[in-house]
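Enquirer: the following block contains a protein sequence and its predicted model.
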Amino acid sequence: MTNIAFIGLGHMGLPMAKNLVKTGHVVKGYDIVPQAVEAFTKEGGIGCKDIASTVADAEIVITMLPEGKHVRAAFEGSQGIFNLVKPGTLIAECSTIDIETSRHIHKEAEEKGMRLIDAPVSGGVAGAESATITFMVGGRRHDFEALKPYLEMMGKTIIYCGEAGLGQVAKICNNLILGITMIGASEAFNLAERLGLDAMKFFEVASQSSAQCWSISKYCPAPGPVPTSPANHDYAPGFTASMMLKDLKLATDAAQLTSSASPLGTEAMSLYTLFCNNGGQSLDFSGILRFLRGTHASDI
């Protein structure tokens, strides 16, 4: 039985922490939102009032936080993780954050004798609940191997990407593709509908031809074809538009930093900015189709 500390019990963190509890380990959890901690305790976890009490005696620390600034706040300072846990503690930082912050946290961890990996995830809330998410991992290989059994309790696919920060690189590049393809799929379904082609018929074609992609076959933005997709549940979020916008900003910032051409990524970020600014920020990111249906091309 391992003592595990879990910091960040949001939409993704809570189901991930719950899956650890199900394996029989002692799991302490903390979040700045009291209701999240209460929900965690109802699932058998040990709710804590602050980071210090959460990581006390922890052998493994897992963090799942919104942005780089939150990660820095959780790790640094007198009440930060780095100053509260023992050297040699295994840490899995699972947030999706900017590459600079990820590498900075890795450097600090090494200086303080901690064993840290960056392990952002893909798969959304449904994947977190069913323990089928994908982990993309960066860091030292032996630290990855030590933490892999615990990642496998929360996910189905665990991929070692290489040195510190490369898990984050894989994540933002993956979501760059996802954001672009979801817009492409949404444009196509919108056009097909306006030209009189039934969504089910177009799905039958697109899901089995050269247009086939995850955004169509598994997460179709049009209501009807994929019963489990958010489109059939009024775009209740599995992954919000605001989170997609955050990831696209991370990707475009990285592209600028490395002088990499990313015209489609930049345009995708602009469209998701419009979507979020027009009330779509809390909807699923596939709800971009709803936005496109109500928007004239001249308005974009």
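Expert: The structure has been received and is ready for your questions.

Enquirer: got the residue ranges for the helices in the stretch 201-300 of the chain?
Expert: 214-217, 241-257, 263-275, 288-293 (DSSP state H, counting those that start in this stretch).

Enquirer: which residues touch the second one?
Expert: I take that to be helix 241-257. With contacts defined as Cβ atoms under 8 Å, 6 or more residues apart in numbering, helix 241-257 is touched by 66-67, 96-99, 169, 171-173, 175-176, 178-179, 182, 260-262, 265-266, 268-269, 272-273, 275-276, 280-285, 287-288. Quick note: C-beta positions are derived from backbone N, CA and C, even for glycine.

Enquirer: could you rerun that using 7 Å?
Expert: Residues outside helix 241-257 that contact it (Cβ atoms under 7 Å, 6 or more residues apart in numbering) are 96, 98-99, 172-173, 175-176, 179, 262, 265-266, 268-269, 272-273, 275-276, 280-281, 283, 285, 287-288.

Enquirer: please apply the same query to the shortest one.
Expert: Outside helix 214-217, the residues that touch it by Cβ under 7 Å, 6+ apart are Leu178, Thr181, Met182, Ala185, Phe203, Ala206, Ser207.

Enquirer: what about the closest residue to the second one other than its chain neighbours, neighbour count?
Expert: Beyond its immediate neighbours in the sequence, the residue positioned closest to Thr181 (Cβ to Cβ, 6 or more residues apart in numbering) is Ser215, lying 4.3 Å away. Taking other Cβ atoms under 10 Å as the criterion, the count of residues near Ser215 is 23.

Enquirer: same deal with Gly8?
Expert: Gly8 has 25 nearby residues by other Cβ under 10 Å.

Enquirer: ok, now which ones touch the closest residue to it other than its chain neighbours?
Expert: Counting by Cβ to Cβ, 6+ apart, Gly8 lies nearest to Met64, which is 4.0 Å off, once chain neighbours are set aside. Each residue near Met64 by Cβ under 7 Å, 6+ apart is listed here: Gly8, Gly10, Met12, Gly13, Met16, Cys94, Ser95.

Enquirer: over to Arg141?
Expert: Taking Cβ under 7 Å, 6+ apart, we find Arg141 in contact with Tyr160.

Enquirer: can you offset everything so residue one is 62?
Expert: All right, first residue 62 from here; so that's Arg202.

Enquirer: quick one: it from Gly223, how far?
Expert: Separation of Arg202 from Gly223 (Cβ to Cβ, to the nearest Å) stands at 9 Å.

Enquirer: span of stretch 67-82 from start to end?
Expert: 11 Å (Cα to Cα, to the nearest Å).

Enquirer: an error on my part: the question was meant for stretch 251-262.
Expert: First-to-last residue span, stretch 251-262, Cα to Cα: 13 Å.

Enquirer: what lies in contact with that stretch?
Expert: Stretch 251-262 is contacted from outside by Phe250, Phe263, Ala283, Gly285, Pro286, Leu350, Leu353, Arg354, using Cβ under 7 Å, 6+ apart.

Enquirer: off-centre distance for it?
Expert: Centroid displacement of stretch 251-262 relative to its chain, using Cα atoms, centre = their mean, to the nearest Å, is 31 Å.

Enquirer: same question for stretch 237-251.
Expert: Taking Cα atoms, centre = their mean, the mean C-alpha location of stretch 237-251 is offset from the chain mean by 19 Å.
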